[in-house]
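Novice: Just need the structure, nothing else, for what follows:
(chains A and B)
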Number of protein chains: 2
Amino acid sequence: MRIVVPLQGVVQGRGGLVLGSLIPCALFYFFQLYIKRNRPAPAPASSAPPIHRCHSRGLLTPSLSARGAVVRAGDEDSLYYAGLRRCADDPYHPASNPGGVINLGLAENHLSLDLVGRWMEEHAGAAMLDGLAGAGEEVRDLTIRGLATYQPHDGILALKMALAGFMRQIMHGSVSFDPSQMVITSGATPAVEILSFCIADPGNAFLVPSPYYPGWDRDIKWRTGIELIPVPCRSTDNFNISITALEIAYKQAKKRGVRVRGVLISNPSNPTGGIVPRETLHDLLVFAAEKNIHLISDEIFAGSTYGSDKFVSVADIVDELEDFDKGRVHIIYGLSKDLSLAGFRVGVIYSYNEHIVSAAAKIARFSSVSSPTQRLLVSMLSDEKFISEYIKVNRERLRKMYLVFADALKQVGIECFKSSGGFYCWADMSRYIRSYSEKGERKLWDRLLEEAKVNATPGSSCHCIEPGWFRCCFTALSEEDIPVLVERLRRVTESHRSNR
Amino acid sequence: MRIVVPLQGVVQGRGGLVLGSLIPCALFYFFQLYIKRNRPAPAPASSAPPIHRCHSRGLLTPSLSARGAVVRAGDEDSLYYAGLRRCADDPYHPASNPGGVINLGLAENHLSLDLVGRWMEEHAGAAMLDGLAGAGEEVRDLTIRGLATYQPHDGILALKMALAGFMRQIMHGSVSFDPSQMVITSGATPAVEILSFCIADPGNAFLVPSPYYPGWDRDIKWRTGIELIPVPCRSTDNFNISITALEIAYKQAKKRGVRVRGVLISNPSNPTGGIVPRETLHDLLVFAAEKNIHLISDEIFAGSTYGSDKFVSVADIVDELEDFDKGRVHIIYGLSKDLSLAGFRVGVIYSYNEHIVSAAAKIARFSSVSSPTQRLLVSMLSDEKFISEYIKVNRERLRKMYLVFADALKQVGIECFKSSGGFYCWADMSRYIRSYSEKGERKLWDRLLEEAKVNATPGSSCHCIEPGWFRCCFTALSEEDIPVLVERLRRVTESHRSNR
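Specialist: Numbers count the residues shown, from 1 in each chain, chains lettered A, B, ... in the order given. Below is the predicted model of the structure:
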C-alpha cells in the first residue's frame, strides 16, 4: 500500500512515512515560533487616550497613533521631569515666592547672563540687520532677503564658520573644526536625535556609559526607536568609563540579537562632571574601530570647566591617531551651555563622515534655526573681544560658584564627586537614604522635594546603579540662595540623624 | 494498520489520512504566505554609501542606518528638487547672471519684502529686547532671562496669542483661534511631520487628494514611515476633491490591509491654487467622521489669496457643525507664506484634540523657535497698523502679479487653471508635450530647463495623473523679469510648433 503523505516526493524510501509526518510537524512548530518572534510589539493600550463618544452621531474620536500616545504619557514616571514640573509650578524666588521649590534639576547657567544681556542691548538690533543703517537700496534688499527668505536648512555658512572658531577657542585652540563637516540644528536635542537617526535603525542600540544624562531616554528613544543600553560606571572607579564593561555589554546585546551601532558618551560627563581622560578616549576609539561601530561624544559642556583636569575633545585624539578611520566619530555641541544661550536653540552635529553630514543636513529641515538668530550669532561669535572676555569671566564665576556650592553641601554632610566641568555637582547622599536601594533613593528625593523644597535629580533617573547619588545643578542659583539651601537641606539631614 | 500522520488527534476517523496530510500542507502554504507579507522592506542597498576600507587596520567605516541612507539618497530622483538644485547652482539675475535659470519652482514671496524690511529696520532691535532702553536692573535681568534661558518648547504664550490674532485677521475675522490649542514649531515642515507622527503609526496611511505639494513625500514619509495615498482630482472636475474617489481609495487601502488614519488636504490648494469650497469641506468632515479618521487641513496660504473665490478655513465649518466631534480636525499654518518670513522658520499646529496638542507640544522640543525670533514676532504681529497695511498691500501686489504672469503665459499659448490663492499658477502645457505621458512631461520639463532656462515643477512631482500640468511660482519674480521669461518660453513653444 502506498501511503500519501505531504512532502512524499522528498521522503520516498525507507523512513519516508516518519519523515513525511515529522517534517510538517516541525514546520508547524517553527511557524508558530516565527509568528511569536515577529509579532509586532503590542500598542501601549494603557497609555492611549480615553475614547470620547460623540453623543448625537455615535462616532468616536480617532485615537492618537500608538507612538503619539507613548510620547504623550512619555516622561510622566521619571522623577527628573516630575521634579522639574514641581519647580515650574512653584518656583523659589527670594522676594516673590520664598517658600517655593529651589531648583537644582535644570542645567542652565545664570551666572553670566549679565554679560550676554549687555552685548545684546548694545549690538542685537544692528547685528541682526548686519549694520544696515545708512546703506543703499540694494544692500537693504539683500539684507532683508537674507533674513526673510529660505536659507540653507542646516545653517548659513557664516554661522558655521563662526561656530567652528568658537569651538576651537573653547577647546583652547588645540583642534580646528571644518565648517563643511557641520550641521546646525535648533538645539543639541534635535542634534543628537538626528545623528542617532542617521546612525541606527529601530531596534538597534547604543552603549551608554551610565550614569548618563536623563534627557537621552526621551531625546533618542521617543522617535527613533533606538535602544540605549546603560553600561555602569562605578564610584570605586571614579565613574570612569570601563572598556571591559562595554565589551561585556556589547556581547550581551549580540547574544540577544540586538545590533549595537555605537557608543554614546558625554564629556565633560553629565551628570558626574568628570572629564574623560585622554587614554580613555583613545581606548574608546580603538573599541569602536574593533567593533566597527560609531562613537558619539556629546561635548556641550566643553567650555564650562573649572577643575584641575583639562578637557580634551575626541577631535583632538582623532587627529593624533594615524591611519584611523575617522568616519565613525561624531561630536554634539551647542550654545545652550557654554554661551548661556539655551533659549536661542542652537545645536551642532560635527561629523567626520560625509554621508552622515549629508543625510543630517537634509533632516535639519525639521529643526532649523531662524535667520535673525543666525545673523545675530554670527555677529556675537565674531566679536572676539566679547567672546574671550565672556569665556574667561564665565569660567571664573563657574569655579567660584562650584566651590561655594560644594562647600554648602559639605556643611550638611554631603560629599561631592571631584568634578571638573558642567553646571552640577554629583552628590553622594547615600548616608541619608534609609534603605540602600532605588526605593530608598526615591524616598529621599521625595523628602528633599516635600520637606526641604529642593529639587535634585536622583541617580536612578540617570541609570546609576548605586543608590544615593544626586545631580545638583548650581548655576541657576545666586550666592544669596546658598544659606537658604543649607537651612533647607538640614531639615532632611538632621531629621535623618535624629530618626536613627 | 494505524497510520501515524501529523495532527492525527484532530483528524482521526474517516478521511483522517487525507486531512492529516492536507492540513500541514495548507499550513506550510500559509506559513510561506505569511513570511512573504510580513517580510520587512529590504534595506536600500543600492543607495547605501560605499564601504571605505581603512588600509592599515583593515577596518570598515560603519555604515549609515538604512533609513539614514534613504534620506541621504532621498530626493535625488524628484524633478522638483532637481530643478531647485539647478537654480541654486545657476540662479538668474538680470545684471549679474542674465543667462541663469529663472526659478518658477520655489514658493517664496518677494513681492512684499520691502514692507517687512522697513519694519525690521525700524523696530527689530527694540522689539527683540522688549523696549529695554532705560529700564531698571530688574527689568533688564528679566528680559535677558526671557531670551537666553529655556522657554516652553512649543512656543511662548505671547507668541501663541499674537499668532491666534494674526490667523483670525488673515481669515477675515470669521473664526477665532484658542492659543491653548496651538503648538509652535520651527516651520510648517516640522509642524506637518510632528502632527503626522502623533496621528499615524508606521505603515498607516493618509489619503491625499492629488495633485499635492511635492514636499509632503519627503516631509511626511522620511522619518514617520507613513504612506501617502494620492487620490486623483481631475481637470474636468476643476481639480475639486472627490469624496467618491476618497471612498474608493479608502476601500482599496483597507483591502490591502493598510489602515488609513486621515485625509490630508491643502487649502488654498498647493499646487492648483484652487480654494476648497465650503460644501467640500463639509463633506470631508462627514467623510472623516464616518470613517472615524482625522482631517488635516494645511492652510499656510490662507492669507495669500487674490481671486474671486473667498477662502474658508475648516475651522469655520467645524464651528458651524453641531454635535460634531472636533477632535479629528487639525490645521497646519505658518508665517513663511502669508508674512513672507520663510527664513524665520515659524510653523503652527492647531488642533482641536487636546491629547494631540499635548503630545505635539512634547515633540516640539526637537523643533523649537529661538527666543529672539519669538520676541521679535510678538512685536511685529502686535503692530496692528503694520499688519493690516501689510495684508492689504501684499494681496494687491499678489493679484497684480498673478494677472501679469498668467497673461504672459497666455502670450505663449499656455492657459492657467483659474486659481484664487497661493504663489503659483497651475499651467496646462499639455499641448507642448510630444507624447501624452509622464515621459512626455518629463521631456518638456527638461527642455524648459535646458533650452529655455526656466525651472517649473512638473505635475508628476505632485502626483497629478494628467500629464502636461506644471506649477509655476510667480512671486519671486519682478515685473521686469516677465519679458525675459516670455522670450525664453517661446524658445520651447515655437520650436514645438515648427517640429510638428
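
Novice: Tell me the buried residues in the lengthiest helix in chain A?
Specialist: Longest helix of chain A, by residue count under DSSP state H: helix A:384-411. By neighbour count on 16 or more other C-beta atoms under 10 Å in any protein chain shown, the buried set for helix A:384-411 is A:386-387, A:390-391, A:394-395, A:397-398, A:401-402, A:405-406, A:408-409. Just so you know, the C-beta spots here come from the backbone N, C-alpha and C atoms, and that holds for glycine as well.

Novice: for stretch A:346-357, same thing?
Specialist: Buried, per 16+ other C-beta under 10 Å, within stretch A:346-357: A:346-353, A:355-357.

Novice: same check, this time on stretch A:237-253
Specialist: Under 16+ other C-beta under 10 Å, the buried positions of stretch A:237-253 are A:239-243, A:245-246, A:249-250, A:253.

Novice: picking that back up, in helices, which of the buried residues of stretch A:346-357 fall?
Specialist: Reading helices off the buried residues of stretch A:346-357 with DSSP H, I get A:355-357.

Novice: Quick one: the helices in the stretch 401-500 of chain A, in order.
Specialist: Assigned by DSSP state H, counting those that start in this stretch, the stretch 401-500 of chain A shows helices spanning A:438-450, A:481-499.

Novice: Can you tell me which of those is packed in deepest?
Specialist: Comparing these by mean neighbour count (mean count of other C-beta atoms under 10 Å in any protein chain shown), helix A:438-450 comes out on top with a mean of 19.

Novice: so where is the stretch 101-250 of chain A shaky, pLDDT-wise?
Specialist: A:130-134 (pLDDT under 70).

Novice: What is the three-state secondary structure of the nearest residue to residue A:218 once chain neighbours are set aside?
Specialist: The shortest distance from residue A:218 to any residue other than its chain neighbours is 5.8 Å, reached at residue A:75 (C-beta to C-beta, 6 or more residues apart in numbering or on different chains). Using DSSP: H, G, I helix; E, B strand; the rest coil, the structure places residue A:75 in coil.

Novice: Quick check, residue A:75 in contact with residue A:219.
Specialist: No - taking contacts as C-beta atoms under 8 Å, residue A:75 lies outside contact range of residue A:219: 10.9 Å.

Novice: pLDDT-wise, which helix or strand of chain A ranks last?
Specialist: Here the helix or strand of chain A ranked lowest by mean pLDDT, DSSP states H and E is strand A:53-54, holding a mean of 36.

Novice: Chain neighbours aside, what residue packs nearest to the residue of chain A found nearest chain B?
Specialist: In chain A, no residue comes nearer to chain B than residue A:125, which is 1.7 Å away by C-beta to the nearest C-beta. Nearest residue to residue A:125, sequence neighbours excluded (C-beta to C-beta, 6+ apart): residue B:125, at 1.7 Å.

Novice: Repeat that for residue A:389.
Specialist: Residue A:389 sits nearest to residue A:115 (C-beta to C-beta, 6+ apart), 7.4 Å away.

Novice: And that neighbour, its phi and psi?
Specialist: phi -70, psi -50 (degrees, to the nearest 10).

Novice: I figured it hits residue A:390, correct?
Specialist: Yes - with contact defined as C-beta under 8 Å, residue A:115 counts as touching residue A:390 (5.2 Å).

Novice: ok, and the closest non-adjacent residue to residue A:203?
Specialist: Nearest to residue A:203 is residue A:225, by C-beta to C-beta, 6+ apart, at 6.6 Å.

Novice: List the contacts of the residue nearest to residue A:238 when sequence neighbours are not counted.
Specialist: Leaving aside its chain neighbours, residue A:238 sits nearest to residue A:274 (6.8 Å; criterion: C-beta to C-beta, 6+ apart). Each residue near residue A:274 by C-beta atoms under 8 Å, 6 or more residues apart in numbering or on different chains is listed here: A:238-240, A:268, A:309, A:417-421, A:426.

Novice: re earlier: ok, the residue nearest to residue A:389 to residue A:302 distance?
Specialist: 19 Å (C-beta to C-beta, to the nearest Å).

Novice: Those two: which has the busier surroundings?
Specialist: residue A:302 (24 against 18; other C-beta atoms under 10 Å in any protein chain shown).

Novice: Show me the strands in the stretch 101-250 of chain A, by range?
Specialist: A:102-103, A:182-185, A:205-210, A:227-232 (DSSP state E, counting those that start in this stretch).

Novice: Select, out of those, the one closest to residue B:183.
Specialist: strand A:182-185 (18.5 Å; C-beta to C-beta).

Novice: of the strands of the stretch 101-250 of chain A, which approaches residue B:187 most closely?
Specialist: Comparing those by C-beta to C-beta, strand A:182-185 comes nearest, at 12.6 Å.

Novice: That closest one and chain B in contact?
Specialist: No - on the criterion C-beta under 8 Å from any C-beta of the partner chain, strand A:182-185 is out of touch with chain B, staying 8.5 Å away.

Novice: What pairs with that strand, parallel or antiparallel?
Specialist: strand A:347-351 (antiparallel) (DSSP bridges).

Novice: quick one: buried residues of stretch A:113-121?
Specialist: A:113, A:115-117, A:119-121.

Novice: can you check stretch A:255-262 too?
Specialist: Here stretch A:255-262 shows A:260-262 as buried, counting by 16+ other C-beta under 10 Å.

Novice: Endpoints of that stretch, how far apart?
Specialist: Distance across stretch A:255-262, first residue to last, is 17 Å (C-alpha to C-alpha, to the nearest Å).

Novice: For it, which outside residues touch it?
Specialist: A:199-201, A:203-207, A:226-227, A:229, A:250, A:253-254, A:288, A:291, A:293-296, A:328, B:62, B:65.

Novice: May I see the PyMOL selection of the buried members of these?
Specialist: In PyMOL, a selection of the buried entries from the contacts of stretch A:255-262 looks like this (16+ other C-beta under 10 Å):
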select buried, (chain A and resi 199+200+201+204+205+206+207+226+227+229+250+253+288+291+293+294+295+296+328) or (chain B and resi 62+65)
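
Novice: Now, the contacts of stretch A:255-262 that are in helices?
Specialist: Per DSSP H, the contacts of stretch A:255-262 map to helices at A:199, A:250, A:253-254, A:288, A:291.

Novice: Pick out the most distant pair among those residues.
Specialist: That would be A:199 and A:254, which, of these, are the farthest apart (C-beta to C-beta) at 17.5 Å.

Novice: can you give me the helices for the stretch 201-350 of chain A?
Specialist: Using DSSP H, counting those that start in this stretch, helices in the stretch 201-350 of chain A cover A:216-219, A:221-224, A:243-255, A:278-291, A:314-320.

Novice: Need the ones you listed in a markdown table (columns: distance to residue B:333).
Specialist: Converted to a markdown table, those look like this (distance: least, C-beta to C-beta, whole Å):
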| stretch | distance to residue B:333 |
| --- | --- |
| helix A:216-219 | 27 |
| helix A:221-224 | 23 |
| helix A:243-255 | 44 |
| helix A:278-291 | 44 |
| helix A:314-320 | 41 |
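
Novice: Give me the domain ranges for chain A.
Specialist: A:79-113+A:390-499, A:131-386 (automatic domain parsing).

Novice: Verify the contact between residue A:204 and residue A:228 for me.
Specialist: No - with contact defined as C-beta under 8 Å, residue A:204 does not reach residue A:228; the gap is 10.7 Å.

Novice: Residue numbers of the stretch 301-450 of chain A in contact with chain B?
Specialist: Counting by C-beta under 8 Å from any C-beta, the residues of the stretch 301-450 of chain A near chain B are A:322-325, A:327-328, A:336, A:340-346, A:353, A:355-356, A:358-359, A:362-363, A:365-373, A:376.

Novice: Count the residues that sit near residue A:326.
Specialist: Neighbours of residue A:326 (other C-beta under 10 Å): 17.

Novice: For it, list the residues it contacts.
Specialist: A:318, A:352-353.

Novice: pLDDT check: weakest of these?
Specialist: Lowest pLDDT within the contacts of residue A:326 is found at residue A:318 (92).
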